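Trainee: The following comprises the amino acid sequence and a computationally predicted model.
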Amino acid sequence: MEHEGMAVVRHNIEVAHRLFDLKGKCEQIHGHSMWIELGLYGAVVNGLLASPETKEPFEFGAVKKEFRKHLDLNYDHRLLLNARDPFAEEIQVNMGPDHQEPGGTLWQPMQLPGLVSCDGDPTTENIALWVAEWGAFTFKTDVEVKVNETVTNAAHVVWNYTGMEVPR
């Protein structure tokens, strides 16, 4: 007999962001210790939860490894800024007296360390949406993502593997 189920993994990120389009205190660069929870929908067959698309079982160790790698590389200890935010642009850095060009000092274009330019404001809701889209594509199944921005605020997104956000 086949039953539906969900595998759930969690991971913590430390992230800074600024909401460029939202007027108010969140226009300031600030940070959060976010807990992100990824739920993968599947079918329980012979005691294992498997992707409805591939029929391959979700192995918790592999799911956690991929999920944590994605969060660590793209969000953890990063500064998330809207790509339209002027602070998301390259800055010109004076390379100092050891890097002289004829006629003056060498200025090098650089990006702030850890800067991630986002397609839209990096709100908690958008982070949940971006992680859900990645999860559905990566694990080839419908997903739920919950992002706890604080102990009292969270955003929750359900994403259909076919590429559509599921209204609730």
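Mentor: Structure received.
Trainee: As CSV, could you dump the C-alpha coordinates of stretch 60-73?
Mentor: Only the C-alpha atoms of stretch 60-73 are listed here, as CSV (Å, rounded to 0.1, in the frame of the first residue of the first chain):
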residue,chain,number,x,y,z
PHE,A,60,18.1,11.9,4.8
GLY,A,61,21.9,12.2,4.8
ALA,A,62,22.0,13.1,1.1
VAL,A,63,19.1,15.5,1.3
LYS,A,64,20.7,17.3,4.3
LYS,A,65,24.0,17.5,2.6
GLU,A,66,22.6,19.1,-0.6
PHE,A,67,20.3,21.4,1.4
ARG,A,68,22.9,22.6,3.7
LYS,A,69,25.4,23.1,0.9
HIS,A,70,22.9,25.2,-1.0
LEU,A,71,22.1,27.4,2.0
ASP,A,72,25.8,27.8,3.1
LEU,A,73,27.0,28.7,-0.4
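Trainee: buried sites along that stretch?
Mentor: For stretch 60-73, a neighbour-count test (16 or more other CB atoms under 10 Å) marks 63, 66-68, 70-71 as buried. The C-beta positions use only the backbone N, C-alpha and C, and glycine is treated the same way.
Trainee: Which pair of these spans the longest distance?
Mentor: Maximum pairwise distance among the buried residues of stretch 60-73 (CB to CB): 12.5 Å, between 63 and 71.
Trainee: which stretches of the protein have low pLDDT?
Mentor: 1-2, 91-110, 163-168 (pLDDT under 70).
Trainee: For it, which segments count as helices?
Mentor: Using DSSP state H, the helices of the chain run over residues 60-74, 124-139.
Trainee: Show me the one of these that comes nearest residue 31.
Mentor: Per CB to CB, nearest to residue 31 of the helices of the chain: helix 124-139, 12.6 Å.
Trainee: Thanks again, I'm all set now.
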